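*Asks:* Structure here, sequence nowhere to be found:
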C-alpha cells in the first residue's frame, strides 16, 4: 500500500516536470502550435490508436500549416493594402471597355517571376486600384512579397529620407518586394526633384522586380507626371513598357454610378 502510494506520488511529480521540459524545448524551437496543441494531439492519438509516427506527423503538419498562415498574414500586413480587395468583388458590368480575359490571365501571376510590369490606365472610379490591390493580395496568397503604395507617398518618403541622408535605405524598401504596386501615378503634380526620385525606383527595379501601376494619364500625357521632362519621361516609359502588359479601362466613374443611373 505504501509502495503504491509512493509510485503514484512520484508519477504526479514527474509528469509535470516532463511536460515542462517538453514545453521549454518547444518554446526554444519556436514551435508555438506544437506547444499549444500537443496534449490535444496526444488525446487524438490515444482515441484513434495512432502510432508514434502518425502522432508526430499530424502534430508537425499542424505546425507547418500554422507557420504558413503566420507567414501569409505577415505578407498581407507588410503589403499595406488597407482594405482587402479580391477579383471576385470586381463588377465587370460597369466599365464600358475592359479585357476581362486579359485581366483574369494576370491573376495567374506568371508576370512576377519574369519581372514584367502591368499598367492599368483609365479614368477616375473605374476600378484600377481595386484590380491592382486584388492582384497584390492574390500574389501574397501565392507566396510573393508585395508592397502597395501611392506614387505621392513614394516621393514624399524618398524626399524626406534624402534630407535625412538615408535615401539608399528608403529606396531599398521599394526595390526589395517581388511586386511593387504604384497607385495613382499622375493624380497629383510633382516637381523635378520628386520626378527624379520616382524614376530611381523605376530604374532600380528594371528587370529585377515586377511593377504594377495605376494611372489616369494616357502615355502621351506622361510628361505631366515627370514635371515636363521629356527625357526623363522617355526613360521611365522605356523601362516600364519594355516588358509589360497594358490594361485599358474605359467608362464612367463607378462612384458616380447612382447619380448617372438617375
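*Replies:* Thanks, I have it. Source: prediction; values computed, not measured. Residues are numbered from 1 along each chain as shown.
*Asks:* Could you point out the helix or strand that follows the strand or helix carrying residue 168?
*Replies:* For residue 168, the enclosing helix or strand under DSSP states H and E is helix 167-175. Remark: after helix 167-175, the chain's next helix or strand is strand 179-185, criterion DSSP H and E.
*Asks:* For the closest residue to residue 225 other than its chain neighbours, what are phi and psi?
*Replies:* Closest residue to residue 225 apart from its sequence neighbours, by C-beta to C-beta, 6 or more residues apart in numbering: residue 186 at 4.4 Å. Backbone N, C-alpha and C define where each C-beta goes, glycine included. With angles defined as degrees, to the nearest 10, residue 186 sits at phi 100, psi 0.
*Asks:* One more: residue 79?
*Replies:* phi -70, psi -20.
*Asks:* How much space separates it from residue 229?
*Replies:* 31 Å (C-beta to C-beta, to the nearest Å).
*Asks:* Of those two, give the one with the bigger neighbour count.
*Replies:* residue 79 (23 against 16; other C-beta atoms under 10 Å).
*Asks:* quick one: the more buried one and residue 144 touch, right?
*Replies:* No - using C-beta atoms under 8 Å, residue 79 makes no contact with residue 144, being 9.6 Å away.
*Asks:* you'd agree residue 121 is in a helix?
*Replies:* No - going by DSSP: H, G, I helix; E, B strand; the rest coil, the assignment for residue 121 is strand, not a helix.
*Asks:* and it, what pLDDT?
*Replies:* Residue 121 carries a pLDDT score of 97 in this model.
*Asks:* Residue 16 now?
*Replies:* So residue 16 comes in at 48 (pLDDT).
*Asks:* Next: residue 188.
*Replies:* Predicted confidence (pLDDT) for residue 188: 89.
*Asks:* Measure how buried it is and give me the count.
*Replies:* Neighbours of residue 188 under the rule other C-beta under 10 Å: 12.
*Asks:* That one: what's it in contact with?
*Replies:* 151-152 (C-beta atoms under 8 Å, 6 or more residues apart in numbering).
*Asks:* quick one: least confident helix or strand in this structure?
*Replies:* One helix or strand of the chain scores below all others by mean pLDDT, DSSP states H and E: helix 257-261, with a mean of 50.
*Asks:* on that earlier part again, tilt between the helix holding residue 168 and strand 179-185?
*Replies:* 100 degrees (axes from the mean of the first three to the mean of the last three C-alpha atoms, to 10 degrees).
*Asks:* pLDDT on helix 167-175, on average?
*Replies:* On average, helix 167-175 scores 96.
*Asks:* Now stretch 47-62: buried residues?
*Replies:* Neighbour counts using 16 or more other C-beta atoms under 10 Å place 50, 55, 58-59, 62 of stretch 47-62 among the buried residues.
*Asks:* what does stretch 192-206 give?
*Replies:* Buried residues in stretch 192-206 (16+ other C-beta under 10 Å): 194-202, 205-206.
*Asks:* Near residue 136, how many other residues are there?
*Replies:* By the criterion of other C-beta under 10 Å, residue 136 has 27 neighbours.
*Asks:* wait, residue 82
*Replies:* Residue 82: 9 neighbours (other C-beta under 10 Å).
*Asks:* And residue 226, by the same measure?
*Replies:* 23.
*Asks:* in terms of contact, does it touch residue 240 like I think?
*Replies:* No - judged on C-beta under 8 Å, residue 226 makes no contact with residue 240 at a distance of 11.7 Å.
*Asks:* which residue ranges form the strands in the stretch 151-262 of the chain?
*Replies:* 179-185, 210-215, 244-249 (DSSP state E, counting those that start in this stretch).
*Asks:* Which neighbouring elements make contact with the second one?
*Replies:* The elements that strand 210-215 packs onto, with contact taken as 3 or more C-beta pairs under 8 Å, 6 or more residues apart in numbering; DSSP states H and E, are strand 117-122, helix 128-141, strand 179-185.
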